[in-house]
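1. After the sequence you'll find the predicted model.
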Amino acid sequence: MAGRSVSNDDLLLFLPVFLILGARILWQRRPGLLPCALFWGTSAVLLAVGWQWAISQFVLIAGIASNAIVTLANGGFMPVATHRKLAGPARSVWVQKSGDTRLNWLGDNFGNRFVRFSIGDVLLLAGIIVSIAGY
């Protein structure tokens, strides 16, 4: 039995995943405004390219927009409400919420001390679930 060769269609199927993961890893490794804009821009373009008039698409775009707005407004960082104050410069995309951070209500305000999430995260998860359900 001969092995199945990889076709161009197979590669195109995984291209969006590689683009999103690559942009996200870049943003995580080099937090800042430009990598943040690249990640959210890539996400929005890939959603627009595969756009269908479905409820899930609108929920996903609302989640992307919510998280993109708050991170771009904060120079590429997501404000997080935590139980402890983190000292020093930001080494990841998450920073302590303060009076200087913008749009704090869209930041990671919910959860417990181990897992924090935002309104945008809830919308993204809901969009994925609704999409899997076929809407």
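-> In hand now; what should we look at? Numbers count the residues shown, from 1 in each chain.
2. okay, CA-based contacts and neighbour counts for the rest of this
-> Noted.
3. for the protein, what are the low-confidence residue spans?
-> For the chain, the stretches with pLDDT under 70 are 1-11, 83-91.
4. in it, which spans are strands?
-> With DSSP state E as the criterion, the chain has strands at 78-80, 94-96, 110-111, 116-117.
5. now, of these, which is deepest in the fold?
-> Most buried of those by mean neighbour count (mean count of other CA atoms under 10 Å) is strand 78-80; its value is a mean of 26.
6. and it, what other elements does it pack with?
-> With contacts defined as 3 or more CA pairs under 8 Å, 6 or more residues apart in numbering; DSSP states H and E, the packing partners of strand 78-80 are helix 55-73, strand 94-96.
7. how about whichever helix in the chain runs longest: buried residues?
-> Longest helix of the chain, by residue count under DSSP state H: helix 8-29. Burial within helix 8-29, assessed by neighbour count using 16 or more other CA atoms under 10 Å, is assigned to 16, 20, 23, 24, 26, 27, 28.
8. Likewise for stretch 49-59?
-> 56, 57, 58, 59.
9. Was I right to think the second one contacts residue 51?
-> Think residue 57. Yes - in this structure residue 57 lies within contact range of residue 51 using CA atoms under 8 Å: 7.0 Å.
10. Could you report the distance from residue 124 to residue 96?
-> 22 Å (CA to CA, to the nearest Å).
11. do the same with residue 59
-> Distance, residue 59 to residue 96, using CA to CA: 27 Å.
12. Need the helices and strands packed on strand 78-80 in TSV (columns: distance to residue 104).
-> As requested, these are exported to TSV (distance: least, CA to CA, whole Å):
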stretch	distance to residue 104
helix 55-73	8
strand 94-96	10
